[in-house]
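In: Have a look at this fold, sequence not included:
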C-alpha cells in the first residue's frame, strides 16, 4: 500500500511541477474522475502532513498547493487525469505577512502566493466563539487564515468607521474587521 501511495505522490508532484512551469495550474479546467482519498491533512496551523509525517520540503508543499482545488466544502489534489480527496482542518493556506499601504494590502502566504486584498480577494473575519478568525481569499475558492501577528498589524492600520467598527481599505474595496 505504501508503494501505491508513493506512486500517487510522485504522480501528483510530476503533474504539479509540469503545470507550474507554465504559470498557475489551471485546476479550474480539470475535472478528472474521483480516485479516492489521500492520507494528506493540512492542519489549522498550515502544516501539511502525509501519512502521519510532516512534509518538510517547502518545494513539495508549494507543488501540492498549486494543484489544490475546492469543490463545495471538500478539497482535492487534481491533475488532468486524477482527483484525490484530502483533509483541510481550517483554511488551506496561512497569510504570514502583509505589505500595508494607504491604498492596498498585499498578503504573502506560507505557500508563496502573493495576493492583494480587493473585490476579488476579500478579507473577512469570522467570530464563531468570540475569537476572531480572519481570512483573505487567495484564488478559486481557496482562503488563507491570516496569522495573529499580521492580523494585529491590520488592526493597527485600520480606521474607526462612523459606527465604531474597524475598517480597512484595499484596491478600492472596504473590509470590516469588527
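Out: Structure's in. What do you need? Everything quoted here is computed from the prediction, not taken from an experiment.

In: contacts and neighbour counts: CA atoms only from here.
Out: Fine.

In: so what are the domain limits for this structure?
Out: Segmentation of the chain into domains, based on automatic domain parsing, reads 2-88, 93-176.

In: is it possible to export these to JSON lines including mean pLDDT?
Out: Formatted as JSON lines, the domains of the chain follow (pLDDT from 0 to 100):
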{"stretch": "domain 2-88", "mean pLDDT": "84"}
{"stretch": "domain 93-176", "mean pLDDT": "94"}
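
In: any chance of the ones you listed in TSV, with mean neighbour count too?
Out: Below are the domains of the chain laid out as TSV (neighbours: other C-alpha atoms under 10 Å):
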stretch	mean neighbour count
domain 2-88	16
domain 93-176	17
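
In: hang on, residue 85 is in a helix, isn't it?
Out: No: with DSSP: H, G, I helix; E, B strand; the rest coil as the criterion, residue 85 is assigned strand and is not in a helix.

In: Number the chain from 30, please
Out: Renumbered: residue one is now 30, and that last one reads residue 114.

In: So what pairs up with it in the strands?
Out: residue 66, residue 105 (DSSP bridges).

In: Next, find the distance separating it from residue 69.
Out: Taking C-alpha to C-alpha, to the nearest Å as the measure, residue 114 and residue 69 are separated by 8 Å.

In: do the same with residue 124
Out: 21 Å.

In: Check residue 179 too.
Out: Distance from residue 179 to residue 69, counting by C-alpha to C-alpha: 27 Å.

In: try residue 134
Out: Using C-alpha to C-alpha, we find residue 134 at a distance of 31 Å from residue 69.

In: Also residue 153?
Out: Residue 153 sits 27 Å away from residue 69 when distances are taken as C-alpha to C-alpha.

In: How about residue 145?
Out: Applying C-alpha to C-alpha, the value for residue 145 to residue 69 is 29 Å.

In: Can you read off the pLDDT for residue 121?
Out: pLDDT for residue 121: 96.

In: Report how many residues lie close to it.
Out: Residue 121: 26 surrounding residues under other C-alpha atoms under 10 Å.
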